[in-house]
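1. From the sequence below, what's the structure:
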Amino acid sequence: MTGHLPDEVMQRFRKGDLPFEDWKKTDRHLAECPECRQRLLVSIGSPDGDAWWMFKQAEAVDGAHCPDPAFWLAWIEDRVSPTERTHWQSHLAACALCTETVERFRSLRDAEARRVSRLFQPEWIQQLGHFLLARRLRPVWAVILVCAVIVLLYVRWLRGPSTLGEHVRIANTRILPLRDTSGTVTGPVDRLEIPGVSTLDPEWSTRIQALLARGDISPLPPVAQTIHQLRESVPVRSVEKAQAQVPRPIAPVVTMVRHQPITFRWHPVAQAERYYIIVADAHLKRIVAELEAGTRTTYPWEDAPRYLQSGQVYAWQIEAWTPEMVYISGWARFAVLPVEAEKTIQDLEHAFRRSALALLTVYLAYGLYQDAWQPLHTLEQMNPDHPVLRRIRQKIAAYSAPAGSS
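-> Numbers count the residues shown, from 1 in each chain. So this is what the prediction gives:
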């Protein structure tokens, strides 16, 4: 299609009156032509990027026009305009899938509110106040002391578990013998040594100990906040499963990636003639790239470093084009490692090259869940049915999928 879309075609596209082949050509033109896309946004009464993404997500899937779950998250947080709220109110009342999505987000919000309430109003603080007053301590000093304790707790919560705290939790915990590529690891985890790793500093020793004791470790500060943001998008994946014909992203999903070529993988859709990958910024306001993958369900994006910036979060989705319908997945998110973190990881990979266990710990600490599968698989082959490795697999699988899965 050349030139710009006539007004009549634009109106018929909005109403869904075009033949399917013409609709597909028009949709492709709108994705490539900013001027026509702006005319469409003006015609639906909201000339901004958010309206375009809402319009794309409202395209028909078996006759159900449902917005992206991220819209419903904005809905319950009162971040949608009055016009949008009025427009989608009747849809929400009639659509069981969207109602379930809204209720899930509300339950997650309420659970977080209860957690914060318990953090700042634990019962022991009230008991401390009663104790201080019973000792006839001047009220002003009692208030100052309680406030100081609350501030310390808040700072501790923001910083996450300290090295000392990790030692307290794992001290004297014994582990089952675990065969590593550098040798066998045994004994109390607070005194373990990794054979073949001579440069294991106390901080990384503590993280390896925590991994062996709990089967999981917290992300490090350079990526912790980003990982938390990515994990908030997990409920979107469960919504996608409710529609069997919708393509579902496999990788990269809820993971950090390096600033290098990446490979997209997704579940197939029956009778799909071709797939398109849409990559957008974290807020779904700008299309970063649109990639045609043919009939494959994997796509190695060699030019990724040209389009993606270090330290940024991105979203991607799949369009599956069949003879009768275009099926669109929900948005999956990943983030590119900051430059300084990537340099640190390269140094650690060299220092820990003989130990699959140490490398696994590094990848988990930096949120490189796709990279973590390889050393985990190596350890599983050397230690069949090891309970700690099973726990680690479950943790990673909650957010990521190994290569070759479908």
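
2. Start and end of stretch 302-311, how far apart?
-> From its first residue to its last, stretch 302-311 covers 19 Å (CA to CA, to the nearest Å).

3. buried stuff in it?
-> By neighbour count on 16 or more other CB atoms under 10 Å, the buried set for stretch 302-311 is 304, 308, 311. Backbone N, C-alpha and C define where each C-beta goes, glycine included.

4. For the first one, give me the pLDDT.
-> It stands for Ala304. In the predicted model, Ala304 carries a pLDDT score of 94.

5. Could you look up the SS state of Tyr327?
-> Following DSSP: H, G, I helix; E, B strand; the rest coil, we place Tyr327 in the strand state.

6. Okay, and the beta partners of the closest residue to it other than its chain neighbours?
-> Nearest residue to Tyr327, sequence neighbours excluded (CB to CB, 6 or more residues apart in numbering): Ala320, at 4.4 Å. Using DSSP bridges, the bridge partners assigned to Ala320 are Tyr275, Tyr327.

7. Give the burial count for Ala320, as a bare number.
-> Using other CB atoms under 10 Å, Ala320 has 24 other residues around it.

8. who's in contact with it?
-> By CB atoms under 8 Å, 6 or more residues apart in numbering, Ala320 lies in contact with 245-247, 268-269, 272, 275, 326-329.

9. Please pick the buried ones from those residues.
-> Listed as buried from those are 246-247, 269, 272, 275, 326-329; burial here means 16+ other CB under 10 Å.

10. Relative to Thr26, which of the residues you listed is nearest.
-> Val326 (11.7 Å; CB to CB).

11. thought that closest one was touching Asp27?
-> Yes. Between Val326 and Asp27 a contact is recorded at 7.2 Å, counting by CB atoms under 8 Å.

12. Where does the record place the domain boundaries for this structure?
-> Listed by automatic domain parsing, the domain ranges of the chain are 7-103, 200-406.

13. For Thr99, which non-adjacent residue is closest in space?
-> Nearest to Thr99 is Leu92, by CB to CB, 6+ apart, at 6.3 Å.

14. I'd say that neighbour and Thr101 touch.
-> No. Contact status for Leu92 versus Thr101: not in contact, 9.4 Å apart, counting by CB under 8 Å.

15. The two: who's more crowded?
-> Taking other CB under 10 Å, Leu92 and Thr101 do not tie; Thr101 has more neighbours (26 against 16).

16. so is the more buried one in a helix, a strand, or just coil?
-> helix.

17. Next: Asp78.
-> Classified using three-state DSSP, Asp78 is coil.

18. Correct me if wrong, but Glu290 is in a strand.
-> Yes. Looking at Glu290 with three-state DSSP, it is inside a strand.

19. Tell me, how many residues neighbour it?
-> 14.

20. residues contacting it?
-> Contacts of Glu290 by CB under 8 Å, 6+ apart are 31-32, 276-279.

21. Bridged to it, which residues?
-> Here Glu290, judged by DSSP bridges, has bridge partners Ile278.

22. Against Tyr275, how distant is it?
-> 12 Å (CB to CB, to the nearest Å).

23. before we move on, the earlier item: so can I have TSV of the contacts of Glu290 showing distance to His377 and pLDDT?
-> Listed next are these as TSV, based on distance: CB to CB, whole Å; pLDDT from 0 to 100:
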residue	distance to His377	pLDDT
Ala31	39	71
Glu32	41	78
Tyr276	31	96
Ile277	27	96
Ile278	31	95
Val279	28	96
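
24. Strands along the stretch 151-300 of the chain, start to end?
-> 178-180, 183-185, 249-251, 256-257, 262-266, 274-281, 287-294, 298-301 (DSSP state E, counting those that start in this stretch).

25. where in the stretch 101-250 of the chain is pLDDT low?
-> Along the stretch 101-250 of the chain, the model assigns pLDDT under 70 to residues 108-109, 111-142, 153-176, 186-200, 232-244.

26. mind running it again at 50?
-> For the stretch 101-250 of the chain, applying pLDDT under 50 flags the ranges 159-172, 234-243.

27. ok, Ile208 touching Val362?
-> No. Using CB under 8 Å, Ile208 is not in contact with Val362; the gap is 9.5 Å.

28. Those two: who's more crowded?
-> Ile208 (26 against 23).

29. Return the distance of that one relative to Leu291.
-> For Ile208, the distance to Leu291 - CB to CB - is 39 Å.

30. What of Arg28?
-> 14 Å.

31. shared neighbours of those two, anything?
-> Contacts common to Arg28 and Leu291, judged by CB under 8 Å, 6+ apart, are absent.

32. re earlier: right, and the strands of the stretch 151-300 of the chain - which one's nearest Ala372?
-> Of the strands of the stretch 151-300 of the chain, nearest to Ala372 by CB to CB is strand 256-257, at 10.5 Å.

33. Okay, helices next: where are they in the stretch 301-406 of the chain?
-> In the stretch 301-406 of the chain, the segments counted as helices under DSSP state H, counting those that start in this stretch are 304-307, 339-351, 356-365, 369-382, 387-397.

34. between those helices, which gets nearest to Met10?
-> helix 304-307 (29.5 Å).

35. what does the closest one contact?
-> If you take CB under 8 Å, 6+ apart as the criterion, helix 304-307 is touched by 259-262, 279, 288-289.

36. Out of these, which end up buried?
-> 259, 262, 279, 288-289.

37. Could you tell me the least trusted of the helices of the stretch 301-406 of the chain?
-> Set side by side, the helices of the stretch 301-406 of the chain differ in mean pLDDT, and helix 387-397 is lowest with a mean of 86.

38. packing partners for it?
-> When contacts are defined as 3 or more CB pairs under 8 Å, 6 or more residues apart in numbering; DSSP states H and E, helix 387-397 packs onto helix 202-214, helix 356-365, helix 369-382.
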